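Generate coordinates for the sequence data below:
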Amino acid sequence: MKTETKRGYLVSQVDEIDPTPCPCGLSRRAFRVPENETASLHMVEISEDARTHYHKTTTEIYYVLEGEGFLELDGEK
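Just a heads-up that it's a prediction; the model follows:
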């Protein structure tokens with residue numbers, strides 16, 4: 001069950017989703033289905049060569065599970 005739509009709600013098993021390359025590393029993207037334009041969840045493995053990028057219309061919230069690093073926001077670390 002990767003992402004399943006049932007009776008007006010979505011259920012996802014994130015660890016079953018195939019990772020997709022992204023500017024940060026590898027991302028498992030849940031709730032990215034045509035009938036859901038509200039939100040998505042990305043479980044990302046950040047790589048050492050992650051690239052700075054931005055989104056014009058998306059807000060990202062980061063919840064760090066493990067490891068060390070930094071975030072750069074509006075040019076500030």
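
where along this structure do the strands fall?
Using DSSP state E, the strands of the chain run over 3-6, 9-12, 20-22, 25-30, 41-46.

For the ones you listed, please prepare JSON lines with the additional fields distance to residue 76, mean pLDDT and mean neighbour count.
To be clear about C-beta, it is placed using only N, CA and C from the backbone, and glycine gets the same treatment. As requested, the strands of the chain are arranged in JSON lines below (distance: least, C-beta to C-beta, whole Å; pLDDT from 0 to 100; neighbours: other C-beta atoms under 10 Å):
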{"stretch": "strand 3-6", "distance to residue 76": "35", "mean pLDDT": "64", "mean neighbour count": "12"}
{"stretch": "strand 9-12", "distance to residue 76": "33", "mean pLDDT": "83", "mean neighbour count": "14"}
{"stretch": "strand 20-22", "distance to residue 76": "22", "mean pLDDT": "93", "mean neighbour count": "13"}
{"stretch": "strand 25-30", "distance to residue 76": "22", "mean pLDDT": "91", "mean neighbour count": "18"}
{"stretch": "strand 41-46", "distance to residue 76": "18", "mean pLDDT": "88", "mean neighbour count": "16"}
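
Could I get the ones you listed in CSV, plus columns for distance to residue 75?
Shown next, in CSV, are the strands of the chain (distance: least, C-beta to C-beta, whole Å):
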stretch, distance to residue 75
strand 3-6, 35
strand 9-12, 34
strand 20-22, 21
strand 25-30, 21
strand 41-46, 19
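
Of all those, which one comes closest to residue 53?
Comparing the strands of the chain against residue 53 with C-beta to C-beta, the closest turns out to be strand 20-22 (8.7 Å).

partners of that closest one, with directions?
Here the strand partners of strand 20-22, with direction, are listed using DSSP bridges: strand 25-30 (antiparallel).

in the sheet, who's paired with the residue positioned nearest the centre of the chain?
Nearest to the mean C-alpha position of the chain, by C-alpha atoms, centre = their mean, lies residue 42 at 1.9 Å. Counting by DSSP bridges, residue 42 is bridged to residue 29.
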